[in-house]
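1. Fold the following for me, if possible:
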Amino acid sequence: MIIVVTGAGGPTGTAVSEYFRKNGHTVLEAGRDQVDLLDRAAVQAFAGRIEAEHGHVDGVIHLVGGWRGSDSFAETDLGDWDALHDLLVRTLQHVSLAFESLLRKSANGRFVIVSAQAAQRPSAGGAAYAAAKAAAEAWTLSLADALQGTGSAATILVVKALVNDAMRAAKPDARFPGFTDVRDLAEAIGGLYDQPAAQVNATRLDLTT
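-> Residues are numbered from 1 along each chain as shown. Prediction:
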């Protein structure tokens, strides 16, 4: 399979890329060094190069993330909204619009974003973050509607937060309750391919339960 991983430069992207490579798939990474996901023309060109070489994609795993918040609702900085909109919404828009046609050509494709419980249960100080995550979910569900009747699906994976080995090493006494390990996230993404596209399309899979 041809798997595109966006936001590939961090620990989560590394874990997901390693998972798919280990299972024999071709992974094409889109980190900051490869393409500016805030530049729609650059993203379209990136997708065009992949189409020219491979003809389709079987997975787009969108892992661009970020968090900003405040101590209270009244102290919310709308600059945080601007930053999170770019990170969590605008990059998603560019990537999904560029790759929808390539996913349509796959016999078993998946488009995946990682969302957070905050999208459904926002905190007072997390208004900007929760709103951006909710917008990303709505956009992904629109893509899912566009993919109905094809071999591909768009799915939302929900976490409380992610944890990796570096975080554990930095805080050896921390328990990180309810957090999802990045390797478990990678396996959950891989597991989406074991189910028919119609069963996982437009679904929210909660990894915290």
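2. Check this structure for its longest helix and report it.
-> helix 127-147 (DSSP state H).
3. what sits up against it?
-> Residues outside helix 127-147 that contact it (C-beta atoms under 8 Å, 6 or more residues apart in numbering): 67-69, 73, 76-78, 80-81, 84-85, 87-89, 92-93, 96, 100, 103-104, 111, 113, 115-116, 118-120, 122-123, 153-156, 197, 201-202, 204. (Each C-beta comes from the backbone N, C-alpha and C, glycine too.)
4. Okay, buried residues for it please.
-> Neighbour-count burial for helix 127-147, counted by 16 or more other C-beta atoms under 10 Å, picks out 127-137, 139-141, 143-144, 147.
5. Filter the contacts of helix 127-147 down to just the ones in helices.
-> Using DSSP H, those in helices are L78, D80, W81, L84, L92, Q93, S96, E100, L103, R104, A197.
6. Just the buried residues of those residues.
-> Neighbour-count burial (16+ other C-beta under 10 Å) is assigned, among the ones in helices among the contacts of helix 127-147, to D80, W81, L84, L92, Q93, S96, E100, L103, R104, A197.
7. contacting residues for the second one?
-> It refers to W81. Taking C-beta under 8 Å, 6+ apart, one finds A128, A131, A132 in contact with W81.
8. what about it, distance to A131?
-> As judged by C-beta to C-beta, to the nearest Å, W81 and A131 stand 7 Å apart.
9. Then the fifth one?
-> Using C-beta to C-beta, we find Q93 at a distance of 15 Å from A131.
10. What of the first one?
-> When C-beta to C-beta is applied, the distance between D80 and A131 equals 10 Å.
11. Report pLDDT for the residue at the greatest distance from the centre of the chain.
-> No residue in the chain sits farther from the centre than A74, which is 29.6 Å out by C-alpha atoms, centre = their mean. Looking at A74, its pLDDT is 96.
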